[in-house]
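K.L.:
take a look and give me a structure for this.
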Amino acid sequence: SSIQSAWTSPSFRRAFADQHKNAFTQIYQPQTSTESTNETRTQTILRTVVSHVISQVAKGKHLSEIRLPLNVQQPISALEKSARAMQCGEIVTQFSSLEISKEDRFLNVLKFFFSGLPQEPFGQKPLNPILGEVFRAQFKHKDGSKSQLISEQIEISPPTSAIHISNPIHGFSMTSFAIPTFQLSPNALHIQMKGLIQIHLNKFNEIYSLTRPVMTTSGILGIGKQEVYFSGNVLVNCKESGLNGIIEFAVSDD
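P.N.:
Next up is the predicted model:
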């Protein structure tokens, strides 16, 4: 296509690189670990974001439609972040063991879920996926089995992502969809990902349903501590085993 031809053109790539050189330099340039340098960089990010957001604010506009400047966006699609669900992927190989009790399986589900929660740096976010964008990944385990992951952006308004992970050898699969909802408080942004996560353990005919915690970015106005943390409750339920629980994310006052 003409678009593909444009991207493969050396002159186009050079023009694109020159146009965005400053923004990408801000992302990748080496940073010193001194407190003053980090504080200056944070304040610069905050001023850039606040002024950029204010210029786009309009009555009735959804927060998901507001675009952030390039220098605070990570050069990675949000769909690619779904691979973080497999950060401790070897837990998948433990689900097929007939020797562990239903209580241990419940705890393994929780371990797998919590190990896959995103850990985002303050002041940065991934790029928004386009409609129909697909990300695929394969994870090879120590026992030689493989887990397949596929995620797709199935809706833009509201932005909705669907994820599926499977390992047929161990009778494991996970399906989920996520719809972010945003809430602003005076000095923080709260993101609640609506949509259930369902983990299927086929060898035991068990389905675990989980909700997600709220991700909060505090100090967005440069007041107080700038950090990203989880809050709220996670509900876990498995009707087949009769086990359920509520996990509370306590927020420290420090």
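K.L.:
assign V92 to helix, strand or coil.
P.N.:
Applying DSSP: H, G, I helix; E, B strand; the rest coil to V92 yields a three-state assignment of helix.
K.L.:
actually N237, not the one I typed
P.N.:
N237 is classified as strand under three-state DSSP.
K.L.:
isn't it up against Y208?
P.N.:
Yes: using Cβ atoms under 8 Å, N237 makes contact with Y208 at a distance of 7.2 Å. C-beta here means a position set from N, CA and C on the backbone, and glycine is covered the same way.
K.L.:
tell me which of those two has more neighbours.
P.N.:
Comparing N237 with Y208 by other Cβ atoms under 10 Å, the one with more neighbours is Y208, at 26 against 16.
K.L.:
does the more buried one touch Q198 like I think?
P.N.:
Yes: under the criterion of Cβ under 8 Å, Y208 makes contact with Q198 at 6.9 Å.
K.L.:
what about the helices in the chain?
P.N.:
Using DSSP state H, the helices of the chain run over residues 2-8, 10-19, 21-28, 35-54, 102-115.
K.L.:
and the last one, what does it pack against?
P.N.:
Contact here means 3 or more Cβ pairs under 8 Å, 6 or more residues apart in numbering; DSSP states H and E; on that basis helix 102-115 packs against strand 197-201, strand 206-210, strand 227-238, strand 243-249.
K.L.:
where does pLDDT dip in the stretch 151-254 of the chain?
P.N.:
When residues are selected by pLDDT under 70, those of the stretch 151-254 of the chain lie in 252-254.
K.L.:
so K140 makes contact with K146?
P.N.:
Yes: assessed by Cβ under 8 Å, K140 is found in contact with K146 at 5.4 Å.
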